[in-house]
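A.B. asks: Sequence first, predicted model second:
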Amino acid sequence: MPMLDNPRLEAFAQARARGALLDDAYEAAGYVLSRGHSSRLAKRPEVAERLGELRTELAAAADISPRAFILALLRIAKAAEEAKTPTSVREARLALVDAAKLQRAMEETHRADRRNLTIDLHE
C-alpha cells in the first residue's frame, strides 16, 4: 500500500509505527486532541492497514544493513517531499535527519574499527 492520500492520516500512521502513543501521534499529525478521536482514527481500515505495513517495514528494516536502512529513509523523505504539504515536509525532514544521524554513526564506527585495527597491528 502506498502512502495514504491524506497527509494527516499518513503522519498519524508514521508516528504510530515509530512507537508514539495514540494521542501523541494524533497531535503530531496536526489534529486537535479530543477524547476518543485518536482511537477511532487508528481503527479506520486504511489507517490500520497502512500502520501494519509500516510496522512490517520497520521490522524488516531491523534485519537489513544500515546502508539499506538509510536508503529506505531517503526514499521515504523523497516521497514525503513530493507531497508538498507541511506535514509531509516535516516527515521528509525527520527522515533526512534520521538518515544523516545513522550515516554519521556508521562513519564513526568505521573510523573506530580502523583505529582499533591499527592499534592491534602495532602491538
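C.D. replies: Arrived safely, thanks for sending.

A.B. asks: Could you chop the protein up by domain?
C.D. replies: 1-63, 65-123 (automatic domain parsing).

A.B. asks: Give the buried residues for the host helix or strand of Y26.
C.D. replies: In this structure, Y26 sits in helix 22-28 according to DSSP states H and E. For helix 22-28, a neighbour-count test (16 or more other C-beta atoms under 10 Å) marks L22, A25, Y26, E27, A28 as buried. Placement of C-beta: from N, CA and C, glycine included.

A.B. asks: Could you list the alpha-carbon positions for it in CSV?
C.D. replies: What follows is helix 22-28, C-alpha atoms only, in CSV (Å, rounded to 0.1, in the frame of the first residue of the first chain):
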residue,chain,number,x,y,z
LEU,A,22,-2.3,7.2,20.2
ASP,A,23,-2.9,10.8,21.5
ASP,A,24,0.7,11.9,20.8
ALA,A,25,0.5,10.6,17.2
TYR,A,26,-2.9,12.3,16.8
GLU,A,27,-1.5,15.6,17.8
ALA,A,28,1.7,15.2,15.8
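
A.B. asks: Next, the residues that contact it from outside, please.
C.D. replies: With contact meaning C-beta atoms under 8 Å, 6 or more residues apart in numbering, helix 22-28 is reached by A11, F12, A15, R16, A20, L33, H37, S38, S39, L41, A42.
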